[in-house]
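Asker: how does the following fold in three dimensions:
(chains A and B)
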Amino acid sequence: MRIISILKKSLKEQLRNFWIVLLSLSMGPFFIFVYYLINESSTPQYKVIVVNNDAGINANGQTQNKGRELFSFFKQTNTLSENLSFTLSEMTDREAAVAKLKNKDADALVVIPSGFSAALSYDSIVGAPKLEFVGDLTSANYLLSAVWANEVVNEYARGITHTKRIIEVAETPLGSSGTINQFDMLVPGILIVSLIMLLFTASIAFVSEVENKTIMRLKLSKITILDFLGGVGAVQFLLGIAGMLLTLLTAVLLGFEYQGSLVAMLVIASLCCLSLIAFSLIVAAVTKSANEVLVVGNFPMFLFMFFTGAAFPIKSDAWFYIAGYPVNLQALLSPTHAISALNKIFIMDLPFGHVFPELIAIAVLTLLYFAIGAYLFHKRHLKS
Amino acid sequence: MITINRLTKLYGDFKAVDQLSFEITKNEIFGLLGPNGAGKTTFISMLCGLLPANEGRIQFDGFSSTDTKSLIGYCPQENIFYPKLSCMEQLMFMGEMYNIPSAQAKERAAALLNKLGLTEKANVQAAKLSGGMKRRLNICLALIHNPEILILDEPEAGLDPQSRILVREFIKSIGHEKTVILCTHNMDEADRLADRIAIIDKGKLLQLDTPQNLKKSIGEGDRIEIRVEPTTDKQLDDFVAVLSGIFVNVKRGTDCILMNHVDFSTQLVLIKEQAKAFGIKINELKLRENTLEDVFIHLTGKELRS
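Answerer: Predicted coordinates for the structure are as follows:
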């Protein structure tokens, strides 16, 4: 089978051009790692200092310090959600704590008064104890910290006074915001980025026959255009899937938990991979050398990365709808649909049937790219 | 036999090949001689089926197949190979592209590499070969499917003397097993190898014959080349006019005169006397046999390597 011979030959050449393969395979994991670091560094940490001046009381021969209890309660409830984290620290000197606030080493200071325990005792004749919140009122970090501290204090007060909430508040997370973080939301797009990098390896694989002029030898032989495209394309397909699985593995190792079926993901990725190989044929048709590919190929790569939602989510209005499916400029780019489909499977955990419109769109675009690419490649490089 | 009949190729108004008609006999080494731009490569491209003709036809008779892909092996002037594949790998790959089973392709590849002195380089990537080795690999690639017709475009171009001898001997060795079309502007190469030579220029066939007959066609005997010191046109014209009465095929350049005579030794004194009479000083006087270059100059009025 000639196609197998071409596949073997193309694979050998690809592996011997290992820098390009490395670039293609590493880009997805690299982006995953970069986004992970960005996400980690941008996750807010709120630092709250507690100065406990409570002197405590003696009750039934035992010393009680409600201030210490409150501090422990603060520590127990130091998160409002998975994405908001409060760090508690205790200091003894108010002025030193204020100095930390001024240096932005902390966001809020809670000062528990000396008579805190006494004021909360049953036989107290003094009024409600007065906690002091100190912070920069123009800082969002202080406001969030203060709201949280206030909520914790109220909860503590309800606990020790055995009172019930008279109004319960139920929180409904929008979309998957309650269970996944920003990093998880970006992973489907970056999986497609790893496929987009195929534009370079596939275009170079096609155009190298032109650059080395070996296309003439192939034209003289009994090879058909389908043998050539099939053999070269198969290697690129394997490379694309390998790159994407490597990217997914990196994401999983960094904490990404995917929903849905891995098989469904592979079906979507495979189709997207074919569409990008078909598009590479267009790039190969308008170039004559690997160097030209590395320049010209950047234009479609930027389009695919930044206008499809691969590098970051984007929104745009639909021009019109086909059976309820939105069509706009981005819809002409196959990764748009692949990302949409992966989001449905990975993030929304929808059944496979829900991605049929996307799969049809990718299939149509693949045929379109292939027809244009094959026509241009034949016209430019195969016709004498 | 390959019959070329009124073959014409046009690029816009330019006729790259103009009504070319001749026959190439099976199992002969056929030289195609012409300067750059004569239409040799265009003709070969049409012969290989890479380029369609505007007019005329090419007919293959007496070969085992009429499928040009099986029939023809083409070794282009430029070395064309896969730089990242070893010699053996690419020979096997190209063999498989002609539907040759892997085992057979490997056997043929090994035999070809051996014949062209590349056995030791069988597993070396083509990009790492020397220029001469690349050229020899190029010839192996043209032969891997065992074609009945081998087209060699400037096979000795860029070869070192040792490789040139090796390639020349190889071409001679296959000359009677295959039809070899040797496309060159190296007259020495064509003279030594070709059974018959077609001289083409501006897409047209100028002459076709054996090297010996071509050389005879411009006059029997010795070829005399006289180089003179710069002088007036009139003096030189008068001198040439006198020589034309004694010698044949007399041609003059700005400071050079070419002519033929069956027995030059008897005319040497006469040349010196006439030169003295016309006030012409002879700088150099060469005596040699006719070459194909002389034939080409005679036919086209220009040097072959121009």
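Asker: rest of the way, CA atoms for contacts and neighbours
Answerer: Will do.
Asker: what's the local residue count around B:S86?
Answerer: Applying other CA atoms under 10 Å in any protein chain shown, we find 20 other residues in the vicinity of B:S86.
Asker: what's the answer for A:E90, then?
Answerer: Burial of A:E90, expressed as a neighbour count using other CA under 10 Å, amounts to 14.
Asker: got it, and A:Q76?
Answerer: For A:Q76, the neighbour count with other CA under 10 Å is 10.
Asker: A:G233 versus the residue of chain B found nearest chain A, what's the distance?
Answerer: Closest residue of chain B to chain A, CA to the nearest CA: B:Y98 (5.3 Å). Shown here: B:Y98 relative to A:G233, a distance of 21 Å by CA to CA, to the nearest Å.
Asker: between these two, which is the more surrounded one?
Answerer: Neighbour totals were compared for B:Y98 and A:G233, and A:G233 leads with 26 against 21 (other CA under 10 Å).
Asker: for the more buried one, which non-adjacent residue is spatially closest?
Answerer: A:I277 (6.5 Å; CA to CA, 6 or more residues apart in numbering or on different chains).
Asker: now do the buried residues in whichever strand or helix holds that neighbour.
Answerer: If you go by DSSP states H and E, A:I277 is part of helix A:262-285. Burial within helix A:262-285, assessed by neighbour count using 16 or more other CA atoms under 10 Å in any protein chain shown, is assigned to A:264-266, A:268-285.
Asker: tell me if the next helix or strand after it is near chain B.
Answerer: Taking DSSP H and E as the definition, the helix or strand that follows helix A:262-285 towards the C-terminus is helix A:290-296. No. Remark: helix A:290-296 sits outside contact range of chain B, by CA under 8 Å from any CA of the partner chain, the gap being at least 13.8 Å.
Asker: quick check: mean pLDDT across the strand or helix carrying A:P300?
Answerer: Remark: A:P300 resides in helix A:298-306, with elements defined by DSSP H and E. Regarding helix A:298-306, the rounded mean pLDDT is 92.
Asker: figure out how far the helix or strand just after that helix is from the centre of its chain.
Answerer: Reading on from helix A:298-306 to the C-terminus, the next helix or strand found by DSSP H and E is strand A:320-322. In terms of CA atoms, centre = their mean, to the nearest Å, the centre of strand A:320-322 is found 28 Å from the chain centre.
Asker: repeat for stretch B:240-249
Answerer: With CA atoms, centre = their mean as the basis, the mean position of stretch B:240-249 lies at 31 Å from the chain mean.
Asker: any idea of the mean pLDDT in it?
Answerer: For stretch B:240-249, the per-residue pLDDT values average out at 86.
Asker: which residues in the stretch 101-250 of chain B form helices?
Answerer: Remark: helices assigned in the stretch 101-250 of chain B by DSSP state H, counting those that start in this stretch are B:102-115, B:131-143, B:161-174, B:187-193, B:211-216, B:233-244.
Asker: specify the local secondary structure of A:T172.
Answerer: Following DSSP: H, G, I helix; E, B strand; the rest coil, we place A:T172 in the coil state.
Asker: how close does it sit to chain B?
Answerer: Taking CA to the nearest CA, to the nearest Å as the measure, A:T172 falls 59 Å from chain B.
Asker: for that residue, give me the pLDDT.
Answerer: Here, the pLDDT recorded for A:T172 equals 77.
Asker: kindly report the same for B:Y98.
Answerer: Per-residue confidence (pLDDT) for B:Y98: 95.
Asker: and it, what is it in contact with?
Answerer: Shown in contact with B:Y98 (CA atoms under 8 Å, 6 or more residues apart in numbering or on different chains): A:221-223, B:70, B:145.
Asker: now, these that are in strands?
Answerer: Applying DSSP state E to the contacts of B:Y98, no entry is found in strands.
Asker: got the CA coordinates for stretch A:216-225 in PDB?
Answerer: Taking Å, rounded to 0.1, in the frame of the first residue of the first chain, the C-alpha atoms of stretch A:216-225 are listed here in PDB:
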ATOM      1  CA  MET A 216       8.400  16.000  -9.200                       C
ATOM      2  CA  ARG A 217       9.600  12.500  -8.300                       C
ATOM      3  CA  LEU A 218       6.200  11.700  -6.800                       C
ATOM      4  CA  LYS A 219       4.500  13.100 -10.000                       C
ATOM      5  CA  LEU A 220       6.600  10.800 -12.100                       C
ATOM      6  CA  SER A 221       5.700   7.800  -9.900                       C
ATOM      7  CA  LYS A 222       2.400   6.000  -9.600                       C
ATOM      8  CA  ILE A 223       1.300   7.800  -6.500                       C
ATOM      9  CA  THR A 224      -2.100   9.500  -6.400                       C
ATOM     10  CA  ILE A 225      -3.000  12.800  -4.800                       C
END
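Asker: near chain B at all, it?
Answerer: Yes. Counting by CA under 8 Å from any CA, chain B is contacted by stretch A:216-225 at A:217-223.
Asker: quick one: these as JSON lines, columns for pLDDT and neighbour count too.
Answerer: Supplementary listing: the residues of stretch A:216-225 next to chain B in JSON lines, determined by pLDDT from 0 to 100; neighbours: other CA atoms under 10 Å in any protein chain shown:
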{"residue": "A:R217", "pLDDT": "93", "neighbour count": "21"}
{"residue": "A:L218", "pLDDT": "93", "neighbour count": "18"}
{"residue": "A:K219", "pLDDT": "92", "neighbour count": "18"}
{"residue": "A:L220", "pLDDT": "92", "neighbour count": "21"}
{"residue": "A:S221", "pLDDT": "93", "neighbour count": "21"}
{"residue": "A:K222", "pLDDT": "92", "neighbour count": "17"}
{"residue": "A:I223", "pLDDT": "91", "neighbour count": "19"}
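Asker: all set, thanks.
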